[in-house]
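Q: pasting the structure only:
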């Protein structure tokens, strides 16, 4: 059995469903209600497909390129940490991606599915959380289930985006995004230290 709480927190941090709400509103502000529903569903399906792809073949690609997973874990941890710093000190995820949405209002794939939902952090987490040497097939399936559940939450939040935005506002979404960034920084540090330990056989 996996640690469902820890796995949930990690994927909730990197996917950040709440931070997706203002992005979704910006993408769909000129669309009708039925079109917004279709866009939310399409974005969720595309995101799930991308992340499942990384879970299934991400490690195989690394092996084919003779890249040890520990090296990927170190690099991934560093990238995640930089990503987390940008969430904490730079523009928050909603602020940054809303600007992208202004330029690409007619697509659910960019920036809604990528990078808002299935961003680099989520892709890296999908690979690192399903390492074949550390997790059984059943544990990997459980991790994929938790990830899909969070994507379903993101879908529900997109459907109720206007109500949520009125409740917490853009400022509230930015605050939550920064808190998630702090949690993600801790996860990234742990991944980097774990990768160093394995790589150097400490």
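A: Everything's here; your move. For clarity, every value in this text was computed on a predicted model and none was experimentally measured.

Q: got a list of what residue 122 touches?
A: 11, 14-15, 47, 51 (CB atoms under 8 Å, 6 or more residues apart in numbering). Where C-beta positions appear, they are placed from N, C-alpha and C, glycine not excepted.

Q: Please apply the same query to residue 20.
A: Counting by CB under 8 Å, 6+ apart, residue 20 has contacts 94, 112, 116-117, 154, 157-158.

Q: Kindly state the pLDDT recorded for the closest residue to it other than its chain neighbours?
A: Sequence neighbours aside, residue 116 is the residue nearest to residue 20 in space, at 5.0 Å (criterion: CB to CB, 6 or more residues apart in numbering). Residue 116 is assigned a pLDDT of 82 by the prediction.

Q: Same check on residue 161?
A: 86.

Q: Surely it touches residue 23?
A: No: Residue 161 is beyond contact range of residue 23, at 9.2 Å (criterion: CB atoms under 8 Å).

Q: So for these two, which sits in the more crowded spot?
A: Neighbours were counted for residue 161 and for residue 23 using other CB atoms under 10 Å; residue 23 has more, 28 against 21.

Q: ok, and that one, which helix or strand is that part of?
A: helix 17-28 (DSSP states H and E).

Q: Pull the distance from that helix to the chain's centre.
A: How far helix 17-28 lies from its chain's middle: 14 Å, per CA atoms, centre = their mean, to the nearest Å.

Q: cool, and stretch 31-49?
A: 17 Å.

Q: secondary structure class for residue 201?
A: coil (DSSP: H, G, I helix; E, B strand; the rest coil).

Q: er, residue 30 actually
A: Residue 30 ends up coil, using three-state DSSP.

Q: Local confidence estimate at it?
A: Confidence score, pLDDT, at residue 30: 76.

Q: any idea how far it is from residue 24?
A: 13 Å (CB to CB, to the nearest Å).

Q: Counting neighbours, go ahead and name the busier of these two.
A: Ranked by neighbour count (other CB under 10 Å), residue 30 and residue 24 place residue 24 first, with 30 against 9.

Q: what's the neighbour count on the closest residue to residue 147 other than its chain neighbours?
A: Spatial nearest neighbour of residue 147, chain neighbours left out: residue 11 (5.1 Å); criterion: CB to CB, 6+ apart. Using other CB under 10 Å, residue 11 has 24 neighbouring residues.

Q: Which element, helix or strand, includes residue 11?
A: helix 4-15.
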